[in-house]
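Novice: Test case, fold it:
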Amino acid sequence: MPEDALAGIPGREARWSAPVAVAPGVPLHSGAAGMLPVVQALIARGAAPAFMMAVAALSLLELISLRRALKPQLLAVFVSVAAVGIIAIGYLFNLVI
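Specialist: Below is the predicted model:
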């Protein structure tokens, strides 16, 4: 994903920056080194922590792997709790950073 595609995410003062950063992170799968250019572009926008956590915890490959171990209802609970937690931590990081 090109870093310009996510550069339009509003800054840390916008209330929707963390939820908007989580959505594109779900279909992506990348290691920490692959995320550095994208994260560098997002740091000034205040969405980098939420995006990085979504790529790590809620990537499509991660969910496919978990599907073999979890029932669909439990997988839905995991995704919901993880997404809410990532958004909350994204807001917290925006306050601290």
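Novice: Helices along this structure, start to end?
Specialist: Using DSSP state H, the helices of the chain run over 3-6, 17-25, 32-43, 48-57, 60-67, 72-96.
Novice: Pick the most deeply packed of those helices.
Specialist: Of those, the one with the most neighbours on average (mean count of other Cβ atoms under 10 Å) is helix 48-57, at a mean of 23. Using the backbone N, CA and C atoms, a C-beta is placed for each residue, glycine as well.
Novice: Surely V79 touches L60?
Specialist: No - using Cβ atoms under 8 Å, V79 makes no contact with L60, being 11.2 Å away.
Novice: so what sits against both of those two?
Specialist: Contact criterion Cβ atoms under 8 Å, 6 or more residues apart in numbering; no residue bridges V79 and L60 by contacting each.
Novice: Let's have the helices of the chain in CSV, adding mean pLDDT.
Specialist: Compiled in CSV, these are given as follows (pLDDT from 0 to 100):
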stretch, mean pLDDT
helix 3-6, 57
helix 17-25, 71
helix 32-43, 70
helix 48-57, 76
helix 60-67, 85
helix 72-96, 87
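Novice: Enumerate every residue touching P19.
Specialist: Neighbouring residues of P19 by Cβ under 8 Å, 6+ apart: 50, 87.
Novice: repeat that for 7 Å
Specialist: Contacts for P19 were tallied using Cβ atoms under 7 Å, 6 or more residues apart in numbering; they are I87.
Novice: What of M52?
Specialist: 35, 39.
Novice: Okay, V77 and V96: tell me how far apart.
Specialist: 28 Å (Cβ to Cβ, to the nearest Å).
Novice: Could you do A76 as well?
Specialist: Relative to V96, and taking Cβ to Cβ, A76 is found at 30 Å.
Novice: Also G25?
Specialist: 20 Å.
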